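In: With the input below, show me the fold.
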Amino acid sequence: MASLDWSQCPAVESIPGKVSGAWPLRDTRMPISVIFENLEYGASIEEIMENYHVTREQIQAVLDFAARSAAAPVLVDASGMAHSRPV
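Out: As a prediction, this is how the structure comes out:
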């Protein structure tokens with residue numbers, strides 16, 4: 001499966017030198033990977049909100065983007081490279 005292009009998600013940002021180049025929620029230092037890790041370990045959205053002081057809207061925007069991206073068709077070019085949009 002191809003990795004998601006988080007640069008297309010308005011809820012996150014990547015600033016060189018901030019959070020070691022990870023994709024944090026916009027205007028925070030919380031990497032989005034924390035959302036997925038916590039959900040994987042059984043945390044609820046409410047627990048993530050409370051533990052990391054982020055909003056439901058921030059979390060939902062990341063989850064919605066991931067769901068839409070995962071549902072998008074993956075195109076493969078002649079070299080075998082996968083792309084989420086036409087090249």
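In: contacting residues for Val34?
Out: Residues in contact with Val34, defined by Cβ atoms under 8 Å, 6 or more residues apart in numbering, are 48, 52. (Glycine included, C-beta is placed from N, CA and C.)
In: Report the separation between the residue nearest to Val12 when sequence neighbours are not counted and Gly42.
Out: The shortest distance from Val12 to any residue other than its chain neighbours is 4.7 Å, reached at Trp23 (Cβ to Cβ, 6 or more residues apart in numbering). The span separating Trp23 from Gly42 equals 23 Å under the rule Cβ to Cβ, to the nearest Å.
In: all strands for the chain, in order.
Out: Read by DSSP state E, the chain holds these strands, from start to end of the chain: 75-76, 82-83.
In: mean pLDDT lowest for which of the ones you listed?
Out: Lowest mean pLDDT within these: strand 82-83, a mean of 54.
In: Straight-line length of stretch 26-33, end to end?
Out: Stretch 26-33 has an end-to-end distance of 13 Å (Cα to Cα, to the nearest Å).
In: and if you look at stretch 3-17?
Out: End-to-end distance for stretch 3-17, by Cα to Cα: 22 Å.
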